[in-house]
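> Provide a 3D model corresponding to the input given below.
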Amino acid sequence: MLNKKHILNNRETISLLFQAGKKVSNKNLTFVSLDNECFSIMFSVSKRKISKAVSRNKIKRQMRAIYLKNYELFTKTKQPKAMSFVYFGNEKVEYKNLEKGMISLARKSQIE
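You can find the predicted model right below:
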């Protein structure tokens, strides 16, 4: 489970993240990262694409589980980061495919 200090909920930081952050995308996901004082993360699912709240919440739960399972991969950088995963696919995705996408985006962002 994520601690409160790890959840990104500051409006100014979120707006700065999307304005000046480094974006990496694949078919259904976008990963945005920006240097910050501490590691913090946000998960978002488009309401226009996935209309049912049950489905949106399930995708967000899956993304949180993948993040916690691969915590070292996301936090092995020297500088702490504010991060965001935005899911914008039109349909629900299987856990395995979502995990592959998130891990590949995290690796791409560390390479660039």
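> S25: what's it in contact with?
F31, L105 (CB atoms under 8 Å, 6 or more residues apart in numbering). C-betas here are computed from N, CA, C, even on glycine.
> quick one, phi/psi of N90?
phi -80, psi -20 (degrees, to the nearest 10).
> can you tell me the helix or strand for the most centrally placed residue in the chain?
With distances taken as CA atoms, centre = their mean, the residue of the chain nearest its centroid is F85 (2.1 Å). Using DSSP states H and E, F85 falls within strand 81-87.
> got a list of contacts for whichever helix or strand comes after that strand?
Where DSSP H and E defines the elements, the next helix or strand beyond strand 81-87 is helix 95-111. When contacts are defined by CB under 8 Å, 6+ apart, helix 95-111 is touched by residues 22, 24-31, 33, 59, 62-63, 66-67, 69-70, 73-74, 76-77, 85, 87, 93.
> restricted to helices, list the residues you listed.
Per DSSP state H, helices hold the following members of the contacts of helix 95-111: I59, Q62, M63, I66, Y67, K69, L73, F74.
> for F39, state which of these is nearest.
F74 (7.9 Å; CB to CB).
> residue contacts, that closest one?
Counting by CB under 8 Å, 6+ apart, the residues that F74 touches are F39, I41, Y67, M83, A106.
> try E91
Applying CB under 8 Å, 6+ apart, the residues contacting E91 are I50.
> what's the nearest residue to I50 if we skip its chain neighbours?
In space, and not counting its chain neighbours, I50 is closest to R56: 4.9 Å by CB to CB, 6 or more residues apart in numbering.
> quick one on the thing from earlier: out of the ones in helices among the contacts of helix 95-111, what pair is the most spread apart?
I59 and L73 (19.7 Å).
> more neighbours, the two?
Neighbour count, other CB atoms under 10 Å: between I59 and L73, I59 has more, with 22 against 14.
> wait, what's in contact with the more buried one?
Residues in contact with I59, defined by CB under 8 Å, 6+ apart, are V45, I50, Y87, K92, V93, L98.
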